[in-house]
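>>> From the sequence below, what's the structure:
(chains A, B and C)
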Amino acid sequence: MKRVQFSSASLPYLYLLPQLAIIVIFFYWPSVQAIQSSFYLEDPFGFSSTFVGLDNYTDVLESSSYAEIARFTVVFTLLVTFLSLSLALLFAVKADAVLKGSSSYKTLLMWVYAVAPPVAGLMGVMFFDMHIGPFLKFADAVGWDFRIGLDYFDTAFAMVVISVWKQIPYNFIFFLSGLQAIPKSLREAGAIDCRSGFRRFWTITLPLLAPTAFFLLIINMTYALFDTFGIVDVVVKDKAANNPITLVYKVYMDGFRGGDIGGSSAQSVILMAVVFVLTIFQFRFIERRVHYN
Amino acid sequence: MATITLDKVRKVYAGTMEAVKGVSIDIADGEFIVLVGPSGCGKSTLLRMIAGLEEITTGEVKIGERVVNKIDPADRDIAMVFQNYALYPHMTVYNNLAYGLKNRGMPKAEIDKRVKEAARILEIDDYLDRKPRALSGGQRQRVAMGRAIVREPATFLFDEPLSNLDAKLRVQMRVEIKRLQRELGTTSVYVTHDQLEAMTLADRLVVLNKGNIEQIGAPIEVYDRPASTFVASFIGSPAMNLLDVTSDDAGLKLVTGTGLAGAASGLDRGRYTLGVRPEHLEIADGAASGEGLSLEVTVNVLEPVGAESFVYASFADGGPQIVVRVSSHARHQPGEKLYLKAMPQNVHFFDADTGKRID
Amino acid sequence: MYRTRITDHLILILGSLMMIGPVAVLFLTSTHDAVEVHRHGLMASWGGHFLETYNKVLFEPGGFTGQATGMRMLMNSMILGIGFAVGKIVLSMLAAYAIVYFRFRMGTFFFWVIFTTLLLPLEVRIVPSYEVVQKLGMINTYQGMIVPLLASATGTFYFRQFFKSVPDELLEAARIDGAGPWKFFIDILVPISKTMIAAIFIIMFVYGWNQYLWPMMMTSEEVYFTLVRGIKQIMLVWVGSQIPDYNEAFALAVLAMLPPVIVVVVFQSWFIKGLTESDK
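From the prediction side, this is the model:
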């Protein structure tokens, strides 16, 4: 903190008040309510609710459909994180290496950051559409009877492709600025010490990028878990029945469409726990293995 | 104009770390005081307590007749020049100078007059419309000075204001600060870790070490009669040679064994630290004779620096290396044997345990 | 030294095509008429119905109640994007200022109260949030759309990092110059944060503009629909009809991405600086 600070009995509270008020009303209140209603069963009309203890949790955790959605969410998260990170890293390394046109490539590769996930989803649906989608021609050529929205695997495939496409720019921006932050002298020292460019990448560049990559790892997992909601919603077109969905989508489905407030709240609390663990993991375990300056 | 009185001023951080340990100084009206010491000696903390930027744990700071312990920095009638200048980056030079005056509610015409006057004195009239980032280091330094001058304060406080400048500019600005202070006659407290800056600027030096005052005095006094081994090694460049010696009936000896002729008059038996400056050692024709200190050493290396050269030499039995200033024309070869001599008034003795001067 | 190889450029060109291709096709297809698209699939050529389609989408009411023109949705998106960005900046600058520049007893406690919000995204507590907003009677209002989204610490976090990097001496010099807390904030801190504010404005504008789930829940009346929210409507129509109005759907999607894309591309350097320097 600052060497010199103001001291005042009321001012800091006054400055904090607007932010705190909003956080208390729209963050803490709902969060507490989520936890509370996860222990209650509400009747379908919302007139009364009864305390049911951990029933909502056991119902959720024992349900086979929840387990299946959880499994899909894990696979989806890992695939999206891995693919978007690797592709972005590839592009960043190349954009950093070329002398000419570097800034044009940068613009071309980053601007999709501004596209909303559901708009990306719409484009994906159009691309994979059974009537007008050009992908169908490729699929036909290799004998793949591609049916988005009808076939579980095909829909999942489209979801992953769209989610990766949407996330590449974000990772690219961070990898590129991470690469550009590596001092020139260090690259020169590397060039003198190590002849093979490939080896140099693995032994010098990558370890120096580790803090960036680690930061992105967590961000990407959060992205795949939560921010892909718009993509999932557009791709499954409200017909979740036979389609893959993520856990967040299920919270929304059960809470809003199904009117199962208790079950939906229990799922919310479980997701909160997952995010908490992710964050703790971030601070405790991985950070130690990363080289910081 | 004002006097500044520090009375047993202490600063304790986080309840345990004592950065300033009860410092008392009386600063006369119009005096230029330099606080000097290595980093972490508490000099900046002391200055910041005078400025009101740091709370005083115990003790009292008076500016003029007023105790200012609880008074806001803006109301202490001080101005401060910071090491990194702390110019407001989004304001023009003119507004940088005027900001403090505006906050005091001074009339526009008066502000304008003062800013123009300060700009004239500092020769920054041409840059008044520029932003700080369009100025060179030296110009920024002048603007920082200008911001202090326009306030017409009772006291100037300088926190290492020259350490971000290159060597040549530093000398130039040093002279300028001295001239300005003479002209304005404003009481000034100046913090630096550079002993040369301290020597050239100060009316009186305050040498600080670990939160305590080691010595207060005019620069030449401090140089001639350092109060402790710390001051002896801090003031002067290269530093004073300090040798651990023992005194007994036979005379003076290095702790490593070599006997030293002369210079032991009147010392009790025991261990001492003997100090002699490189510039006070002369090369003699032969072995010891007459009064004063005589040494016999072997040359390790000769280091010419232009106007003069320095010989680094050691004693036959090892022991510490000593430095001797010689003429730039001297040609001494490594391995050559030298006889050195120093006048008795140039040989200092310090208590081996406390490091305090013994007269 | 490293020499650029042809393969480097090849990879980058392929990547760029991958990013830009789908959007180009989307735009080009939107200039054809719906029957043509239905018959021949997506188009990679100029269709000549640009003015006609975009005119219809922008100015003729569509949807179910016939209230939401493209213009109306564009305006709603603007309100959401700008309202969110401005709200975020004002709230978070004030909060970060209190946290960084004041010494007060509850400081650490409030710091944690605010920063805990980074742990739980809105999506996780979406149902109870909806109930709270409903209780407050804010459904189908702009406040209801914007204010709950402000309940997170991202902006506060950015500004806290930035304020911490401002040299201490600036505050000290200002205090000697007689500036109190509010004067220092307005005269010094806000002006020197200009670039940071611009960067955060861009990031937050894009974030607000692109909101989907929350506006979808908050608004049932079409007059409040945003462009991104409108995508949902497009999909419902798509599912229901024999020959969907592909061209209009795509035109709407183009409109939905145009403003944020322009902002990000034009203010690229600020935006990247803001994103990468403060996100860690």
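>>> ok, now which ones touch the residue in the stretch 151-293 of chain A positioned nearest to chain C?
Closest residue of the stretch 151-293 of chain A to chain C, CB to the nearest CB: A:G255 (3.6 Å). Backbone N, C-alpha and C define where each C-beta goes, glycine included. Under the criterion of CB atoms under 8 Å, 6 or more residues apart in numbering or on different chains, the contact partners of A:G255 comprise A:261, A:264-265, C:126-127.
>>> and those, which two are the farthest apart?
Taking CB to CB as the measure, the contacts of A:G255 reach their widest spread between A:I261 and C:I126, a distance of 11.9 Å.
>>> So if I had to pick from these two, which one is more boxed in?
A count of neighbours by other CB atoms under 10 Å in any protein chain shown puts A:I261 above the other of A:I261 and C:I126, at 26 against 23.
>>> wait, isn't the more buried one in contact with A:S37?
Yes. Contact status for A:I261 versus A:S37: in contact at 5.6 Å, counting by CB atoms under 8 Å.
>>> Break chain B down into its domains, please.
For chain B, the domain assignment from automatic domain parsing gives the residue ranges B:4-234, B:241-358.
>>> in the longest helix belonging to chain B, what's buried?
The helix of greatest length in chain B, counted in residues with DSSP state H as the criterion, is given as helix B:167-184. For helix B:167-184, the buried set under the neighbour-count rule, 16 or more other CB atoms under 10 Å in any protein chain shown, comprises B:170, B:173-174, B:176-177, B:180-181, B:184.
>>> what subset of the residues you listed is also close to chain C?
On the criterion CB under 8 Å from any CB of the partner chain, none of the entries of those sits beside chain C.
>>> want to throw those residues into JSON lines with distance to B:V245 and pLDDT?
Output for these, formatted as JSON lines (distance: CB to CB, whole Å; pLDDT from 0 to 100):
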{"residue": "B:R170", "distance to B:V245": "38", "pLDDT": "90"}
{"residue": "B:M173", "distance to B:V245": "42", "pLDDT": "90"}
{"residue": "B:R174", "distance to B:V245": "38", "pLDDT": "91"}
{"residue": "B:E176", "distance to B:V245": "45", "pLDDT": "90"}
{"residue": "B:I177", "distance to B:V245": "41", "pLDDT": "91"}
{"residue": "B:L180", "distance to B:V245": "46", "pLDDT": "90"}
{"residue": "B:Q181", "distance to B:V245": "42", "pLDDT": "91"}
{"residue": "B:L184", "distance to B:V245": "48", "pLDDT": "89"}
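>>> a markdown table please, covering these and showing distance to C:F201.
Formatted as a markdown table, the buried residues of helix B:167-184 follow (distance: CB to CB, whole Å):
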| residue | distance to C:F201 |
| --- | --- |
| B:R170 | 42 |
| B:M173 | 41 |
| B:R174 | 46 |
| B:E176 | 44 |
| B:I177 | 44 |
| B:L180 | 45 |
| B:Q181 | 47 |
| B:L184 | 46 |
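>>> Next, count neighbours for residue 54.
Since no chain was named, I'll use chain A. Neighbouring residues of A:L54 were enumerated by other CB under 10 Å; the total is 11.
>>> my question was about chain C
By other CB under 10 Å, neighbour count at C:Y54 equals 19.
>>> Isn't it up against C:A251?
Yes. The pair C:Y54 and C:A251 qualifies as a contact (CB under 8 Å) at a distance of 5.4 Å.
>>> Would you mind listing the residues touching both of those two?
Both C:Y54 and C:A251 are in contact with C:S30, where contact means CB under 8 Å, 6+ apart.
>>> And the contacts of A:G255, which is closest to B:G275?
Taking CB to CB as the measure, C:I126 is the one of these closest to B:G275, at 77.6 Å.
>>> what's the helix or strand for the closest one?
Under the assignment given by DSSP states H and E, the secondary-structure element containing C:I126 is helix C:126-135.
>>> Check B:F349 too.
In this structure, B:F349 is located in strand B:348-351 according to DSSP H and E.
>>> And for C:L120?
Of the helices and strands defined by DSSP H and E, none includes C:L120.
>>> Let me know the pLDDT of it.
We note a pLDDT of 77 for C:L120 in this prediction.
>>> where's it relative to C:G137, distance?
Computed with CB to CB, to the nearest Å, the distance linking C:L120 and C:G137 is 25 Å.
>>> now A:T58
Remark: distance between A:T58 and C:G137 (CB to CB) = 36 Å.
>>> Then A:E68?
Between A:E68 and C:G137 the distance, using CB to CB, works out to 39 Å.
>>> try B:A198
Computed as CB to CB, the B:A198 to C:G137 distance reads 71 Å.
>>> Compare those two (neighbour count), which wins?
Between B:A198 and C:G137, B:A198 has the larger neighbour count (other CB under 10 Å), namely 23 against 10.
>>> Which SSE is immediately downstream of the worst-scoring helix or strand of chain B on mean pLDDT?
Evaluated with mean pLDDT, DSSP states H and E, the helix-and-strand set of chain B has its lowest mean pLDDT in strand B:259-260, which scores a mean of 73. Once strand B:259-260 ends, the next helix or strand along the chain (criterion: DSSP H and E) is strand B:270-276.
>>> just checking, B:Y312 touches B:R325?
No. With contacts counted by CB under 8 Å, B:Y312 stays clear of B:R325, the gap being 11.2 Å.
>>> What residues does chain B have near chain A?
Applying CB under 8 Å from any CB, we find that chain B lies next to chain A at B:53-54.
>>> can you give me the helices for chain B?
In chain B, the helices defined using DSSP H lie at B:43-51, B:93-103, B:108-122, B:137-150, B:167-184, B:195-201, B:219-224, B:229-234.
>>> Say whether chain C is contacted by the second one.
The one in question is helix B:93-103. Yes. Judged by CB under 8 Å from any CB, helix B:93-103 comes into contact with chain C at B:99-100, B:103.
>>> buried subset of these?
Taking 16+ other CB under 10 Å as the criterion, what is buried in the residues of helix B:93-103 next to chain C is B:99-100, B:103.
>>> and of those residues, the nearest to C:V190?
The shortest approach to C:V190 among those belongs to B:Y99, at 14.7 Å (CB to CB).
>>> Tell me, how many residues neighbour C:S165?
When counting by other CB under 10 Å, one arrives at 10 neighbours for C:S165.
>>> Hmm, I typed the wrong one, I wanted A:L150.
12.
>>> quick one: it and A:N243, what's the gap?
Distance from A:L150 to A:N243, counting by CB to CB: 8 Å.
>>> again, but for B:T57
B:T57 sits 69 Å away from A:N243 when distances are taken as CB to CB.
>>> for C:K164, same thing?
For C:K164, the distance to A:N243 equals 46 Å [CB to CB].
>>> cool, A:I148 as well?
Distance of A:I148 to A:N243, computed by CB to CB: 9 Å.
>>> Which stretches in the stretch 101-250 of chain A count as helices?
Counting by DSSP state H, counting those that start in this stretch, the stretch 101-250 of chain A has these helices, from start to end: A:102-110, A:117-128, A:135-141, A:152-180, A:184-193, A:197-200, A:206-222, A:229-236, A:247-252.
>>> And the average pLDDT for stretch C:207-218 is what?
Taken as a whole, stretch C:207-218 has an average pLDDT of 90.
>>> how far out from the middle of the chain is that stretch?
For stretch C:207-218, the gap between its own C-alpha mean and the chain's C-alpha mean amounts to 9 Å (CA atoms, centre = their mean, to the nearest Å).
>>> go on, stretch A:42-58?
Stretch A:42-58 sits 31 Å away from the centroid of its parent chain (CA atoms, centre = their mean).
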